[in-house]
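*Asks:* dropping a prediction and its sequence here:
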Amino acid sequence: MRKFVICFMAIICCAMAATAQTVIKGKVTDRNNQPVEGASVKEKGTSNGTTTDKDGNYTLKLSSPDAVLLISGAGLTEQEVSTKGRSSADVTLTQSTLSMGAVEVVGTRSLKRSATETAVPIDIIPVAKMTNTLGQVDLNQILQYVAPSFNSNRQSGADGADHIDPATLRGLGPDQTLVLVNGKRYHQSALVNLYGSRGRGNTGTDLNTIPAAAIERIEILRDGAAAQYGSDAIAGVINIVLKSNVNSGSGNVSFGQFVTGRGKSLNSEKGKVLSNTSDGATINANVNYGFALKNNGFINLTGDVLMKQKTYRPNFEALYPDNYRQKFGDGAINNYSLWLNGAVPLKGAASLYVFGGLGRREGSAFAYTRDAGSERNVTSIYPNGFNPMIESRINDASISFGVRSKSHGWNTDFNATLGVNRFEYLVKNTLNSSLVALSPTRFNSGGFQLAQNTIGFHANKAFPKVAKGANVAVGTELRQDQYKLFAGELNSYKQFGPVVFSISGGDTTFRPGGAQGFPGFQPQDEVNRGRVNWGTYVDAELDASKNILFSGAIRAENYSDFGWTANFKLATRMKVTDGFSFRASVSTGFRAPSLPQKFFSSTFTNVAAGQIYEIKIAPNSGALARAVGIPELTEEKSFNASFGFTAKPYKNITLTVDGYSVNIKDRIVLTGLFDQSDDAIGDILKNLNVGAAQFFTNAVDTRTTGLDVIATYAPRIGKGRLGVTFAGNFNNMKLDRVKTAPGLAGKEDIYYGRREQYFLLASAPPHKLSLSLDYKINQFSTNLRFTNFAAVEIIDFGDNVERFRSKTTTDLSFSYQVSKRFGLTIGGANILDVYPDHQDAGLTETGGMWEAVQMGHGGSFFFGKLGIKF
């Protein structure tokens with residue numbers, strides 16, 4: 001026993017001696033020999049680490065005398081330092097080309113916290129590494145298949161929504177997700193969605209204005225964050241981080257097209273099959289290169305061209321005699337983009353940064369068919385009827401610039417950001433039937449524009465001596481929005497009377513006026529209105545111990561149109577073991593009504609029984625809305641709560657599970673159509689010579705609950721590595737109530753009826769599941785992905801329930817790195833040619849046999865890509 005005690009004491013003494021020998025001290029300075037406060041000093045391969053004090057000094061106990069230190073600071077290049085044989089290590093950090101243009105991880109303003117250490121769920125999607133293995137080429141469709149809580153569908157027969165895809169997070173509205181680029185607010189589209197299966201009555205951000213080739217990664221914060229970032233961040237935040245590489249570049253050329261049909265049976269009783277079809281040819285070419293500037297500055301440029309042809313899917317007129325669209329399918333687009341991201345050092349610790357882009361999209365999509373015998377046709381121009389074609393010209397521009405600096409331990413950022421989106425409609429292969437044979441066949445129907453200008457100042461500081469570390473961020477922003485709606489040419493909207501008919505030798509029948517397919521905006525619709533809002537926030541994080549994090553934020557904003565709003569957020573993360581942590585949050589949020597929702601106006605002329613009436617989507621701010629008692633729009637309000645955990649139960653296995661609840665009051669929707677027969681407001685409409693009208697209004701309360709699950713496994717198999725990822729979103733939305741204007745009480749079935757309610761619920765599918773398997777060995781890699789779409793239901797124009805069973809798509813690709821410079825990928829998306837269940841084409845929203853749900857109606861898409869690095 002005595003020998004055991006002596007041995008034990010000897011071991012303890014040796015251990016204490018060894019510990020004494022593995023303490024390292026040092027000082028971290030910048031290139032101007034100034035101390036770097038809050039620099040991260042970590043022992044490589046462990047969770048052991050510390051931060052420097054205000055004098056740049058640090059002390060760290062090491063687990064091994066041969067350790068390697070990782071030392072980094074905000075805006076400074078990370079360095080590795082060996083501690084072998086050393087008791088001190090002073091380090092001078094230089095400014096980092098990469099981090100001058102980078103931003104903090106979304107959801108936290110602490111510069112030392114990674115995405116895995118935050119109190120709320122954040123997905124990091126390495127777009128730069130993924131694009132060559134995917135069949136999808138635009139950003140909306142890429143996220144549709146790699147982020148389970150993200151949903152986007154290409155629309156068809158939905159006017160403007162055919163040209164800008166609406167997208168949602170956790171099944172909420174397209175405008176209830178905030179989009180940032182490099183941490184700065186990105187402007188929304190000028191389009192308000194009126195038709196289609198997703199986002200009806202909502203605005204949103206056109207993610208496809210940003211080419212995937214310009215993106216390094218995307219961070220998706222799946223939690224309410226209005227208290228941190230302001231309006232729109234109810235469902236979460238999408239932060240797009242641009243590439244900042246230097247002295248290197250990449251280029252990609254891809255070609256793909258839909259190859260579908262293959263004898264697929266659509267109706268075995270009628271013998272109808274989907275014949276072999278190859279269409280929708282898609283070409284994408286892009287180049288990215290980063291130039292190094294003096295003193296570690298950089299500028300990174302990306303050019304991208306995307307050209308996609310139309311697809312055509314059958315309607316089988318014999319089977320569906322009420323068919324409304326002969327030319328059913330996806331529209332065509334030509335998309336051109338140029339983006340930049342750059343930064344240069346200034347005097348001292350300051351740096352100037354700039355990023356932004358220019359884009360132009362030219363779209364073309366067929367509208368509903370006009371039959372030869374219809375009063376909307378002129379047989380001398382179109383003897384067999386015609387298919388109007390709606391074309392778009394979308395111009396988008398953004399620029400953000402600012403100065404980041406450091407003073408007295410505070411990291412400061414003064415920024416200005418401007419974004420403009422302009423949407424113009426052209427209609428061709430059409431006519432104005434009231435002009436009879438005199439009608440042109442091409443019209444300019446007008447359009448709209450939305451501009452957003454934001455100026456902000458942000459500052460944050462680390463306090464390493466407060467508990468186990470704290471961070472405080474403060475900031476203020478001033479934003480101005482401007483919305484314009486401009487009229488089309490006279491012939492695009494006017495209804496001409498019998499005088500024109502007699503001149504042209506036609507009869508005196510009154511015919512509908514305006515361009516068929518998309519009547520032009522009228523002068524009475526024109527608007528040029530703006531709004532100013534100012535906000536300020538405080539955001540703080542506290543590491544109460546090594547295992548417990550608390551964070552909180554409060555934000556107050558004042559809007560020139562509806563006044564003040566204030567919101568808060570509280571979150572926590574508790575580390576139970578090295579491999580298991582809990583996290584939770586509660587927050588309030590808001591979304592200000594968009595200017596298109598407040599001021600959009602559309603008027604077209606209809607004829608009934610020889611009388612001319614106006615059919616209107618009336619602006620919420622207008623006299624008609626006030627006359628019938630529609631209240632002025634106010635902000636949507638939300639309450640979010642989430643609880644989840646992260647785990648690493650075994651080597652190479654990670655698991656995150658997060659439950660959430662989002663309650664939203666006063667959601668803004670577009671009402672149903674009220675006409676002159678209505679017993680409450682019919683006389684008002686008649687007196688104003690309005691045949692029927694719709695209105696934007698705060699009308700719906702919803703409750704959304706759900707669960708996000710992400711699991712990964714990355715074992716080595718032979719000489720290669722397998723990556724397995726399961727990602728699932730389970731979602732349930734319920735409508736609490738529909739609130740009408742006081743004078744329209746009891747008319748809920750028109751105000752926001754059963755069909756509109758089904759569209760809203762279908763945009764929040766019960767689940768979306770994804771299983772992805774990646775294997776890489778030497779120069780070869782392959783990707784196999786299964787995506788399961790939940791069953792959904794929609795109400796058709798005949799008030800029938802359209803049921804779409806759950807379906808699974810399969811994507812497969814093979815890549816080979818031919819050399820250090822060249823790589824080749826071939827593959828297919830939806831290779832088993834899966835479609836949603838087909839419906840009665842005479843009654844669907846799209847006018848075709850398929851609705852714009854689930855995986856869409858394209859079928860199998862096969863592609864090849866050639867990549868080059870230089």
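*Replies:* On my side now, so go ahead.

*Asks:* quick one, strands of the stretch 601-750 of the chain?
*Replies:* With DSSP state E, counting those that start in this stretch, the ranges of strands along the stretch 601-750 of the chain come out as 602-608, 611-618, 636-647, 653-670, 674-675, 690-713, 716-717, 720-738.

*Asks:* parallel or antiparallel, which strands does the second one pair with?
*Replies:* Same thing as strand 611-618. Applying DSSP bridges to the sheet, strand 611-618 is found paired with strand 602-608 (antiparallel), strand 690-713 (parallel).

*Asks:* can you say which of those is packed in most?
*Replies:* strand 690-713 (a mean of 20; mean count of other Cβ atoms under 10 Å). For glycine as for every other residue, the C-beta is placed from the backbone atoms N, C-alpha and C.

*Asks:* quick one: it to chain centroid distance?
*Replies:* 15 Å (Cα atoms, centre = their mean, to the nearest Å).

*Asks:* output that strand in PDB, but only the C-alpha positions, please.
*Replies:* Provided in PDB are the C-alpha atoms of strand 690-713 (Å, rounded to 0.1, in the frame of the first residue of the first chain):
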ATOM      1  CA  VAL A 690     -66.500  49.700 -61.000                       C
ATOM      2  CA  GLY A 691     -67.700  46.300 -62.100                       C
ATOM      3  CA  ALA A 692     -65.700  44.400 -59.500                       C
ATOM      4  CA  ALA A 693     -62.700  45.000 -57.200                       C
ATOM      5  CA  GLN A 694     -60.100  43.300 -55.000                       C
ATOM      6  CA  PHE A 695     -58.200  44.800 -52.100                       C
ATOM      7  CA  PHE A 696     -55.000  44.300 -50.100                       C
ATOM      8  CA  THR A 697     -55.800  44.000 -46.400                       C
ATOM      9  CA  ASN A 698     -54.600  42.700 -43.100                       C
ATOM     10  CA  ALA A 699     -57.000  39.700 -42.800                       C
ATOM     11  CA  VAL A 700     -55.400  36.400 -41.600                       C
ATOM     12  CA  ASP A 701     -53.900  35.000 -38.400                       C
ATOM     13  CA  THR A 702     -51.900  31.800 -38.700                       C
ATOM     14  CA  ARG A 703     -50.100  29.400 -36.400                       C
ATOM     15  CA  THR A 704     -47.100  27.400 -37.800                       C
ATOM     16  CA  THR A 705     -45.400  24.600 -35.900                       C
ATOM     17  CA  GLY A 706     -42.700  22.400 -37.200                       C
ATOM     18  CA  LEU A 707     -39.500  20.400 -36.800                       C
ATOM     19  CA  ASP A 708     -36.100  20.600 -38.600                       C
ATOM     20  CA  VAL A 709     -33.900  17.600 -38.500                       C
ATOM     21  CA  ILE A 710     -30.400  17.400 -40.100                       C
ATOM     22  CA  ALA A 711     -28.100  14.400 -39.600                       C
ATOM     23  CA  THR A 712     -24.700  13.800 -41.300                       C
ATOM     24  CA  TYR A 713     -22.300  10.800 -41.400                       C
END
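
*Asks:* what about Q141, which SS state?
*Replies:* Secondary structure for Q141, judged by DSSP: H, G, I helix; E, B strand; the rest coil, is helix.

*Asks:* need the contact list for it.
*Replies:* Going by Cβ atoms under 8 Å, 6 or more residues apart in numbering, Q141 touches 152, 154, 165.

*Asks:* torsion angles phi and psi at the residue lying closest to the first one once chain neighbours are set aside?
*Replies:* Excluding the flanking residues, the one nearest S152 by Cβ to Cβ, 6 or more residues apart in numbering is A167, at 3.8 Å. Torsion angles at A167 (phi, psi; degrees, to the nearest 10) stand at phi -140, psi 150.

*Asks:* ok, how many other residues are close to A167?
*Replies:* Here the number of neighbours of A167 (other Cβ atoms under 10 Å) works out to 25.

*Asks:* just confirm it contacts F150, I think it does.
*Replies:* Yes. The pair A167 / F150 is scored as a contact, 6.6 Å apart, by Cβ atoms under 8 Å.

*Asks:* any common contacting residues for these two?
*Replies:* Common neighbours of A167 and F150, using Cβ under 8 Å, 6+ apart, are 143-144.

*Asks:* would you map the helices across the chain?
*Replies:* Per DSSP state H, the chain carries helices over the ranges 2-21, 97-100, 127-130, 139-146, 226-229, 490-493, 498-504, 595-599, 623-627, 682-687, 748-751, 754-762.

*Asks:* comparing these by mean pLDDT, which bottoms out?
*Replies:* In terms of mean pLDDT, the lowest-scoring of those is helix 97-100 (a mean of 30).

*Asks:* nearest to N778, of the contacts of Q141?
*Replies:* N778 has its nearest neighbour among the contacts of Q141 in S152, at 35.5 Å by Cβ to Cβ.

*Asks:* against F674, how distant is that closest one?
*Replies:* Distance, S152 to F674, by Cβ to Cβ, to the nearest Å: 31 Å.

*Asks:* swap in M389?
*Replies:* According to Cβ to Cβ, M389 and F674 sit 31 Å apart.

*Asks:* ranking helices and strands of the chain by mean pLDDT, which lands last?
*Replies:* helix 97-100 (a mean of 30; mean pLDDT, DSSP states H and E).

*Asks:* ok, Y229 - contacts?
*Replies:* Each residue near Y229 by Cβ under 8 Å, 6+ apart is listed here: 178, 180, 185, 237.

*Asks:* how much space separates the first one from D123?
*Replies:* Read that as L178. From L178 to D123 the distance is 15 Å (Cβ to Cβ).

*Asks:* could you do the last one as well?
*Replies:* Taken as Cβ to Cβ, the spacing of V237 relative to D123 amounts to 11 Å.

*Asks:* list residues touching both of those two?
*Replies:* Residues within reach of V237 and of D123 at once, by Cβ under 8 Å, 6+ apart, are 219-220.

*Asks:* looking at those two, which is more packed in?
*Replies:* V237 (28 against 23).

*Asks:* which strand residues bridge the closest residue to the more buried one other than its chain neighbours?
*Replies:* If the residues on either side of it in the chain are set aside, V237 comes closest to L221, at 4.2 Å by Cβ to Cβ, 6+ apart. Beta-bridge partners of L221, counted by DSSP bridges, are I122, V237.

*Asks:* ditto for S337
*Replies:* D304, G359.

*Asks:* distance of F870 relative to F599?
*Replies:* Applying Cβ to Cβ to F870 and F599 gives a distance of 48 Å.

*Asks:* more neighbours: which of the two?
*Replies:* Using other Cβ under 10 Å, the more surrounded residue of F870 and F599 is F599, with 24 against 9.

*Asks:* list the residues that contact that one.
*Replies:* 483, 485, 527, 529, 619-621.

*Asks:* repeat the analysis, applying 10 Å as the threshold.
*Replies:* Applying Cβ atoms under 10 Å, 6 or more residues apart in numbering, we find F599 in contact with 192, 448, 483-485, 525, 527-531, 593, 619-622, 696.
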